[in-house]
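# below are the sequence and a predicted model; questions follow.
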Amino acid sequence: MKTPGWILAIVLALGALTAGLWLLPGQRVAAQRQLTPAAADAVQNQHARHLQPTKGSKRYQYKTPAARRFDPSQVFDPTPPPPGPAPNGVREYTLVIEEDVPHEVAPGVTVPAWTFNRTVPGPVLRATEGELVRITLVNKGKVPHTIHFHGIHPANMDGVFELVSPGETFTYEFIAQPYGIMPYHCHSMPTSQHIHNGLYGMMIFDPKEGRPPMRELAMVMSAFDLDRDGEAEFYAWNGRAFQYADNPIALRQGEPVRMYVMNIFEEAMVPHLHGNLFRLYPSGTTMTPTEYTDVKTLSIAERAILEFQYDYPGTYMFQCHVTEHMEQGLMGWFNVLENVETAQSRCD
């Protein structure tokens with residue numbers, strides 16, 4: 001009698017399984033290694049975002065830039081408006097929304113951004129605690145927009161209920177409180193589209209008594225998901241990937257620096273200084289630092305003040321410590337120039 005084919009298949013499968021179980025551990029490992037290339041290909045195909053970045057890293061990884069690719073005139077000036085009270089106690093700003101403004105998000109990559117005053121991020125707004133802040137929104141776009149300000153203010157100034165139609169204006173008024181760093185952004189639906197297109201910025205409210213004078217930098221961490229697939233192609237300080245790699249920020253040896261940092265993208269960002277540590281003031285709402293460190297994780301809309309100084313001249317990287325973010329644009333250089341007086345004292 002001939003054995004049916006299906007019975008023969010089961011017997012052969014059981015035999016192969018039994019043979020595998022009887023393999024010595026070293027033999028089983030060797031057999032598994034034969035499957036590694038195919039398994040690796042499958043993982044690679046399913047998780048393409050984990051491949052070696054194709055833009056940026058080969059040019060900039062661990063070396064100072066050899067040439068500028070960003071026009072210096074297009075670099076976002078990281079210097080915020082100077083502190084100080086308004087003469088009459090009222091701080092006034094006008095923010096004009098325009099859509100489809102050409103914005104070079106990375107060298108040679110231009111996108112149609114939605115902007116406050118034609119920049120991404122929008123301009124840094126600054127006031128002193130207790131001042132009346134008056135901000136007029138002018139909508140020159142094609143869809144309704146609003147501005148939502150973080151901080152303490154009345155409900156009718158929260159930028160959620162009112163919609164400012166194309167061609168219309170709306171004026172927000174509130175008292176600057178508390179002191180610290182506050183994001184502002186469009187809150188029209190779909191909010192993700194309005195924010196990801198570029199409608200966001202930073203506000204700085206200074207304490208009434210002020211902070212010690214220092215060199216100041218305002219740095220917004222963001223990202224750009226150009227094809228809206230849920231994975232960003234570029235990450236950036238102040239709206240342009242690698243702009244401070246092409247154009248390093250000059251500091252002085254021994255110069256105290258206060259860096260206002262904010263994360264506006266929907267992933268954790270991790271500011272990190274090379275060759276240095278900073279004193280950390282979470283949200284800028286305290287006058288006493290809570291940590292002395294060189295790295296800090298900021299989730300979406302979190303912000304902090306970092307205070308530091310460089311004791312040695314040279315070129316130092318500042319970056320997001322999420323390596324994918326760094327390799328795709330969220331890095332730059334501090335070019336610390338030697339202090340002439342320090343150099344002279346060493347010679348003496």
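That came through, no problem.
# can you give me the helices for the stretch 1-150 of the chain?
Applying DSSP state H, counting those that start in this stretch to the stretch 1-150 of the chain gives helices spanning 5-21, 25-33, 36-46, 57-60.
# okay, now residue 140: neighbour count?
Number of residues near residue 140 (other C-beta atoms under 10 Å) recorded here: 11. C-beta coordinates here come from the backbone N, C-alpha and C atoms, glycine included.
# how close does it get to residue 213?
38 Å (C-beta to C-beta, to the nearest Å).
# state the distance from residue 168 to residue 125.
Counting by C-beta to C-beta, the gap from residue 168 to residue 125 is 21 Å.
# so these two - more neighbours on which side?
residue 125 (22 against 12).
# so who does the more buried one touch?
By C-beta atoms under 8 Å, 6 or more residues apart in numbering, the residues touching residue 125 are 81, 91, 93, 133, 135, 184, 201, 202, 203, 204.
# adding distance to residue 242, write those out as a markdown table.
Formatted as a markdown table, the contacts of residue 125 follow (distance: C-beta to C-beta, whole Å):
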| residue | distance to residue 242 |
| --- | --- |
| 81 | 26 |
| 91 | 33 |
| 93 | 29 |
| 133 | 34 |
| 135 | 31 |
| 184 | 26 |
| 201 | 21 |
| 202 | 21 |
| 203 | 26 |
| 204 | 25 |
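# nearest to residue 340, of those?
Of all those, residue 81 has the smallest distance to residue 340: 29.3 Å, by C-beta to C-beta.
# what about that closest one, neighbour count?
Each residue near residue 81 was counted by other C-beta under 10 Å, and the total is 15.
# re earlier: would you single out the least confident of the helices of the stretch 1-150 of the chain?
Ranked by mean pLDDT, these bottom out at helix 25-33, which scores a mean of 40.
# now residue 195, what's its secondary structure?
helix (DSSP: H, G, I helix; E, B strand; the rest coil).
# which strands or helices does the biggest strand by length in the chain pack on?
When the chain is parsed with DSSP state E, its longest strand is strand 90-106. The contact analysis (3 or more C-beta pairs under 8 Å, 6 or more residues apart in numbering; DSSP states H and E) places strand 90-106 against strand 109-116, strand 125-128, strand 132-139, strand 234-237.
# need the winner for burial among those.
Each of the helices and strands packed on strand 90-106 was scored by mean neighbour count; the highest is strand 234-237, a mean of 26, by mean count of other C-beta atoms under 10 Å.
# which of the residues in the helix or strand following that one are buried?
Using DSSP states H and E, the helix or strand that follows strand 234-237 towards the C-terminus is helix 243-246. If you call a residue buried by 16 or more other C-beta atoms under 10 Å, then helix 243-246 has these buried ones: 243, 244, 245, 246.
# what does helix 243-246 rub up against?
With C-beta under 8 Å, 6+ apart, helix 243-246 has contacts from 60, 65, 68-70, 74-76, 78, 107, 236-238, 318, 331-333.
# which of those residues count as buried?
Looks like those have 60, 65, 70, 75-76, 78, 107, 236-238, 318, 331-333 buried, using 16+ other C-beta under 10 Å.
# so which of those residues is the closest to residue 275?
residue 318 (9.9 Å).
# that closest one against residue 272, yeah?
Yes - contact status for residue 318 versus residue 272: in contact at 7.1 Å, counting by C-beta atoms under 8 Å.
# low-confidence stretches in this structure?
The model of the chain has pLDDT under 70 over residues 1-68, 341-348.
# endpoints of stretch 317-324, how far apart?
Start and end residues of stretch 317-324 are separated by 15 Å (C-alpha to C-alpha, to the nearest Å).
# give the contact list for the closest residue in space to residue 302 that isn't next to it in sequence.
Distance criterion C-beta to C-beta, 6 or more residues apart in numbering; nearest residue to residue 302, sequence neighbours excluded, is residue 263 at 5.6 Å. By C-beta under 8 Å, 6+ apart, the contact set of residue 263 is 221, 222, 269, 298, 299, 300, 301, 302, 303.
# what distance do you get for residue 263 to residue 80?
17 Å.
# next, count neighbours for the closest residue to residue 89 other than its chain neighbours.
Among residues not flanking residue 89 along the chain, residue 131 sits closest, at 5.5 Å (C-beta to C-beta, 6+ apart). Close neighbours of residue 131, defined as other C-beta under 10 Å, add up to 20.
# give me every residue that touches residue 131.
Here residue 131 is in contact with 85, 86, 89, 90, 91, 175, 176 (C-beta under 8 Å, 6+ apart).
# ok, the fourth one touching residue 128?
Same thing as residue 90. No - contact criterion C-beta under 8 Å: residue 90 and residue 128 do not qualify, at 11.0 Å.
# re earlier: can you put the helices and strands packed on strand 90-106 in JSON lines and add distance to residue 226?
Shown next, in JSON lines, are those (distance: least, C-beta to C-beta, whole Å):
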{"stretch": "strand 109-116", "distance to residue 226": "6"}
{"stretch": "strand 125-128", "distance to residue 226": "28"}
{"stretch": "strand 132-139", "distance to residue 226": "25"}
{"stretch": "strand 234-237", "distance to residue 226": "8"}
